[in-house]
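For reference, the sequence and a predicted model appear below.
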Amino acid sequence: MTGPGDDRWGPVPELSGHRPPPGTPLLGGEFHSPVMALRENAVLHNVSTMAQYCRDRGVELAPHGKTTMSPELFRLQIEAGAWGITAATGAHVRTYRRFGVSRIFLANELVDPVAIRFVASELATDPEFELICYVDSADGVDILETELAARGGDSVRLDVVVELGVPGGRTGCRSGDEALAVARRVAEAAHLRLRGVSGYEGAVGGDRSEQNVAAVTAYCAEIRGTAERMAAEGLLSSERPAVVSAGGSLLYDLVADSLAGTQLAGRPAQVLLRSGAYVTHDHGMYQRTSPFEQPGSAYRFEPALQLWGRVLSRPEPELAVADFGRRDAPFDQGYPIPLETRAADGTGGEPATDLTVTQLNDQHAFVRVPADRRLAPGSWLGCGISHPCTAFDKWRAMPVVDDEGTVVGGIETHF
């Protein structure tokens, strides 16, 4: 994967036609309020920690790119050892290729002729490009085969995995038998190459209750067992390593426990986790639910996203109104979490654990404040966030700051 020069980060984000130089303070300097920033050391720690976890467990990582859609962060993840980047749509694939990503795991069915034509062209012109996508039906196999035959000629072959879903879930075969029937159809196709089985354990459930842990473990065992049945029938391609994949950002430890060490037809399979939110972690849902936040974990992530806004008004003794809202902060998994207040010039710093964001409008945050708490208009309020997947898509660029709050560079997003 290529990037802008040899620098770790991109340039500092441009503000109204002006680009502040590196070394500019985030607060009290040239940056407008509100602003979402990345803590450099936290990001680097998270990327290296997840890479080490995967090495320790004997699995590989294809982090889901939809979390950040950032070429700078993709580059960090790949340089740390990621197998490639996971995509959700054909449009993502096109964007990743523009970033220079050479391995893409499309965790979705590919049925759009426009996207198939693009993939066929990329495969035909770049022998180093590798893409794996889902199939879950004979119709899906036929669509791929027809388009590839028309656009790619005899030389193009597309790698696919059969998706195993669950009743009541989204896409995916509803049973191992159904998945095996689709695999047989793939094996007959001239332009497809069967690599294995994939799924998403989050469709089974999203918490760590005893019942859900058992259900997810059983689901992963079915993924593994279905892949073993395909191998026993000789359906898996021998040209490339077999693949079994699952693992979002909440229960990837269960996936690793279940799938690590999978052998298919006497060969070790590539076990691909697809966690994406780890790169920034958060102060909310992942702080509560991440595998690394569970008792006894030897690993830890650090929250890396900071949302800073200014207090607009203190219209009531126990109410402050800040200048960020739903256009600036995620709110689907909880409101921003106040962490710190600063003076208007960015100096000082007091813990803000006694403050609570109670409501968001488009551009306003309602903050409950103790009546005797000093918090004047113009003051800075720094917050953590809950759910990074709905934070990045609100910002076209973010400054990256060091531990002193000095801007060292930036990232771009491409949603």
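Right, received. Where do you want to start?

CA only for contacts and neighbour counts going forward, please
Noted.

Buried residues, the strand or helix carrying residue 213. List them.
Element membership of residue 213, judged by DSSP states H and E, is helix 210-232. Residues of helix 210-232 classed as buried by neighbour count (16 or more other C-alpha atoms under 10 Å): 213, 216-217, 219-220, 222-231.

Then stretch 108-126?
Of all the residues in stretch 108-126, those buried under the rule 16+ other C-alpha under 10 Å are 108-111, 113, 115-120, 122-124.

Could you point out the helix or strand that follows the helix holding residue 213?
strand 243-245.

and the following helix or strand past that next one, what does it pack onto?
Downstream of strand 243-245, the first helix or strand assigned by DSSP H and E is helix 252-259. Counting contacts by 3 or more C-alpha pairs under 8 Å, 6 or more residues apart in numbering; DSSP states H and E, helix 252-259 is packed against helix 210-232, strand 270-273.

give me every residue that touches the spatially most central residue of the chain.
When C-alpha atoms, centre = their mean is applied to the chain, the residue found nearest the centroid is residue 276 (2.6 Å). Shown in contact with residue 276 (C-alpha atoms under 8 Å, 6 or more residues apart in numbering): 63, 64, 65, 66, 67, 248, 249.

Let me know the distance separating it from residue 258.
Using C-alpha to C-alpha, to the nearest Å, we find residue 276 at a distance of 20 Å from residue 258.

Helices of this structure, residue ranges please.
Counting by DSSP state H, one finds helices in the chain at the ranges 40-57, 71-79, 90-99, 113-125, 138-152, 176-188, 210-232, 252-259, 285-289.

Give me the below-cutoff pLDDT ranges for the protein.
Scanning the chain for pLDDT under 70 picks out the ranges 1-6, 152-153.

Just the CA atoms from stretch 323-337 would do, formatted as PDB, please.
Output in PDB follows, covering the C-alpha atoms of stretch 323-337 (Å, rounded to 0.1, in the frame of the first residue of the first chain):
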ATOM      1  CA  ASP A 323     -21.400  23.900  20.400                       C
ATOM      2  CA  PHE A 324     -21.300  20.200  19.200                       C
ATOM      3  CA  GLY A 325     -24.300  18.000  18.400                       C
ATOM      4  CA  ARG A 326     -25.500  15.100  16.300                       C
ATOM      5  CA  ARG A 327     -23.600  16.500  13.200                       C
ATOM      6  CA  ASP A 328     -20.300  16.300  15.100                       C
ATOM      7  CA  ALA A 329     -20.600  13.300  17.500                       C
ATOM      8  CA  PRO A 330     -21.900   9.700  17.500                       C
ATOM      9  CA  PHE A 331     -25.000   9.200  19.500                       C
ATOM     10  CA  ASP A 332     -26.400   5.800  18.400                       C
ATOM     11  CA  GLN A 333     -24.600   4.000  21.300                       C
ATOM     12  CA  GLY A 334     -24.600   6.800  23.800                       C
ATOM     13  CA  TYR A 335     -23.900  10.500  24.100                       C
ATOM     14  CA  PRO A 336     -20.400  12.000  24.400                       C
ATOM     15  CA  ILE A 337     -18.700  11.400  27.800                       C
END
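
So which bits of that stretch are buried?
Buried, per 16+ other C-alpha under 10 Å, within stretch 323-337: 323, 324, 325, 326, 327, 328, 329, 330, 331, 335, 336, 337.

Dump the contacts of residue 276 to TSV, plus neighbour count and distance to residue 346.
Shown next, in TSV, are the contacts of residue 276 (neighbours: other C-alpha atoms under 10 Å; distance: C-alpha to C-alpha, whole Å):
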residue	neighbour count	distance to residue 346
63	30	35
64	27	35
65	25	33
66	22	33
67	23	30
248	21	37
249	21	34
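
hang on, the earlier thing: compute the inter-axis angle for the helix holding residue 213 and helix 252-259.
Helix 210-232 runs at 40 degrees relative to helix 252-259, counting by axes from the mean of the first three to the mean of the last three C-alpha atoms, to 10 degrees.

ok now helix 210-232, how far from the chain's centre?
Centroid displacement of helix 210-232 relative to its chain, using C-alpha atoms, centre = their mean, to the nearest Å, is 23 Å.

on that earlier part again, export the helices of the chain as CSV, with columns for distance to residue 378.
Formatted as CSV, these follow (distance: least, C-alpha to C-alpha, whole Å):
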stretch, distance to residue 378
helix 40-57, 26
helix 71-79, 33
helix 90-99, 39
helix 113-125, 49
helix 138-152, 57
helix 176-188, 59
helix 210-232, 47
helix 252-259, 43
helix 285-289, 30
